[in-house]
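Colleague: Predicted model and sequence below, questions to follow.
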Amino acid sequence: MIIAFAFLASMTLLAALGVVLSRSVVHSALFMSASFLGVAGFFVMLNAPALAAFQVLIYVGAITVLILFGIMFTQRPQVRRFRLIINRQFWTGLAVMFGVGAFLAYTLNIQDWAGTEPGNGPREVAALGEILLGVNGAPPIFGLLFEVISVLLLVAIIAAIVISRRKTGEEVDRQGAEE
Amino acid sequence: MTPQVQQFLDTLNATIPLEGYLVVGAIMFAIGVWGALIRRNAVVVFMCIELTINAVNLSLVAFADYLPDAGGAGVGYAVLVIAVAAAEVAVGLAIALAVYRTRRTVNVDEVNLMKG
């Protein structure tokens, strides 16, 4: 347990630092997917294997590919000097990070975590499905949340299409497209 | 087997306390906030926001597994958070694409259309 935990924690946190500090945007995206893989490993350790599968499918697969496409569409070749990718707030941002970390550590410390034992999670997929539908003792609000999330995803898909499509009559910015 | 080796093996097999996961989630959240504050590229800012969302998910699932009275509801919330994050990154990248098409840059320092 300790070995797996240490491996996953170092992988997740080092990859997260890599996202922030790497000079190439593509490397940032690949570091991000490594970090998500580490979180999926944590989910397996926390008795939620179905959620780990969702994590690998959605984050490591879909969102990484989506972000790579976003990089492909929006990045010009650019100089990779460190001063240019990081703005002037480097030290202020570091101070804010330590502030947030200190606040979270304080909140963790004033709580009493005695009496918490692992193994209460919904290990079976059937139990997870019952929670998501709000039946069999799960909070009944989940049924409503499930429907709201479905509508939200539909609205987000339509919004993404509407925002990113070309207006009619807008020139096509493709090299060599004219005649 | 000597007692020292047995003790060492017991230490290796001990269950991780809840604080371990929470500390990892807190550090990951802080790193994500830092990145969202200091990077200039809008796509990298999105990646850092995804990191913070994942850190929160990790804490939710840890609570669902460790708290006896939670009934595992945190896993359900984590699924909902994943769906909201997917919607957010789809709309966010569409906005980045639209901004790039009009301004030819996704540098968040140069996109100052709403600056007063």
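Modeller: Yes, it's here.

Colleague: Give me the helices and strands touching the one helix or strand in chain B whose mean pLDDT sits lowest, please.
Modeller: One helix or strand of chain B scores below all others by mean pLDDT, DSSP states H and E: helix B:3-13, with a mean of 83. Contacts defined by 3 or more CB pairs under 8 Å, 6 or more residues apart in numbering or on different chains; DSSP states H and E place helix B:3-13 against helix A:2-21. Where C-beta positions appear, they are placed from N, C-alpha and C, glycine not excepted.

Colleague: Can you mark which positions in the helix it packs on are buried?
Modeller: Residues of helix A:2-21 classed as buried by neighbour count (16 or more other CB atoms under 10 Å in any protein chain shown): A:5, A:8-9, A:11-13, A:15-21.

Colleague: which stretches of chain A form helices?
Modeller: Using DSSP state H, the helices of chain A run over residues A:2-21, A:25-45, A:49-55, A:64-74, A:82-85, A:90-110, A:125-133, A:141-164.

Colleague: which of the buried residues of helix A:2-21 lies closest to chain B?
Modeller: A:V20 (3.6 Å; CB to the nearest CB).

Colleague: how is chain A carved up into domains?
Modeller: A:1-89, A:124-165 (automatic domain parsing).

Colleague: in chain A, which ranges drop under the pLDDT threshold?
Modeller: A:77-87, A:168-179 (pLDDT under 70).

Colleague: Please repeat the previous calculation with a cut-off of 90.
Modeller: Residues of chain A that meet the criterion pLDDT under 90 lie in A:1-3, A:20-26, A:46-49, A:70-94, A:96-97, A:100-102, A:104-141, A:143, A:161, A:163-179.

Colleague: same check, this time on chain B
Modeller: In chain B, residues with pLDDT under 90: B:1-20, B:37-43, B:64-76, B:95-116.

Colleague: Longest helix in chain B, please.
Modeller: helix B:73-103.

Colleague: Could you tell me the angle between it and helix A:141-164?
Modeller: 10 degrees (axes from the mean of the first three to the mean of the last three CA atoms, to 10 degrees).

Colleague: Mind listing what's buried along helix B:73-103?
Modeller: Buried-residue list, helix B:73-103, by 16+ other CB under 10 Å: B:73-97, B:99-100.

Colleague: List the contacts of A:E117.
Modeller: Applying CB atoms under 8 Å, 6 or more residues apart in numbering or on different chains to A:E117 gives the contacts B:T15, B:Y66, B:P68.

Colleague: Which of those residues has the largest number of neighbours?
Modeller: Scoring those on neighbours with other CB atoms under 10 Å in any protein chain shown, the highest-scoring entry is B:Y66 at 26 neighbours.

Colleague: Can you report how many residues lie near A:R166?
Modeller: The burial count for A:R166: 11, using other CB under 10 Å.

Colleague: what's the distance between the least confident helix or strand of chain B and the middle of its chain?
Modeller: Offset of helix B:3-13 from its chain centre (CA atoms, centre = their mean, to the nearest Å): 34 Å.

Colleague: quick one: contacts of it?
Modeller: Contacts for helix B:3-13 (CB under 8 Å, 6+ apart): A:M1, A:I2, A:I3.

Colleague: Just after it, pick out the following helix or strand.
Modeller: helix B:18-38 (DSSP states H and E).

Colleague: Dump that next one to PDB, keeping only the CA atoms.
Modeller: C-alpha atoms of helix B:18-38 as PDB (Å, rounded to 0.1, in the frame of the first residue of the first chain):
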ATOM      1  CA  LEU B  18      -7.300   9.600   5.100                       C
ATOM      2  CA  GLU B  19      -5.000  12.500   5.600                       C
ATOM      3  CA  GLY B  20      -2.600  11.100   3.000                       C
ATOM      4  CA  TYR B  21      -5.100  11.400   0.200                       C
ATOM      5  CA  LEU B  22      -6.300  14.800   1.400                       C
ATOM      6  CA  VAL B  23      -2.700  16.100   1.500                       C
ATOM      7  CA  VAL B  24      -2.000  14.900  -2.000                       C
ATOM      8  CA  GLY B  25      -5.300  16.500  -3.100                       C
ATOM      9  CA  ALA B  26      -4.400  19.800  -1.400                       C
ATOM     10  CA  ILE B  27      -0.900  20.000  -2.900                       C
ATOM     11  CA  MET B  28      -2.300  19.200  -6.300                       C
ATOM     12  CA  PHE B  29      -5.000  21.900  -5.900                       C
ATOM     13  CA  ALA B  30      -2.400  24.500  -4.900                       C
ATOM     14  CA  ILE B  31      -0.200  23.600  -7.800                       C
ATOM     15  CA  GLY B  32      -3.200  24.000 -10.200                       C
ATOM     16  CA  VAL B  33      -4.000  27.400  -8.700                       C
ATOM     17  CA  TRP B  34      -0.400  28.500  -9.100                       C
ATOM     18  CA  GLY B  35      -0.300  27.500 -12.700                       C
ATOM     19  CA  ALA B  36      -3.600  29.200 -13.500                       C
ATOM     20  CA  LEU B  37      -2.200  32.400 -12.000                       C
ATOM     21  CA  ILE B  38       1.200  32.500 -13.600                       C
END
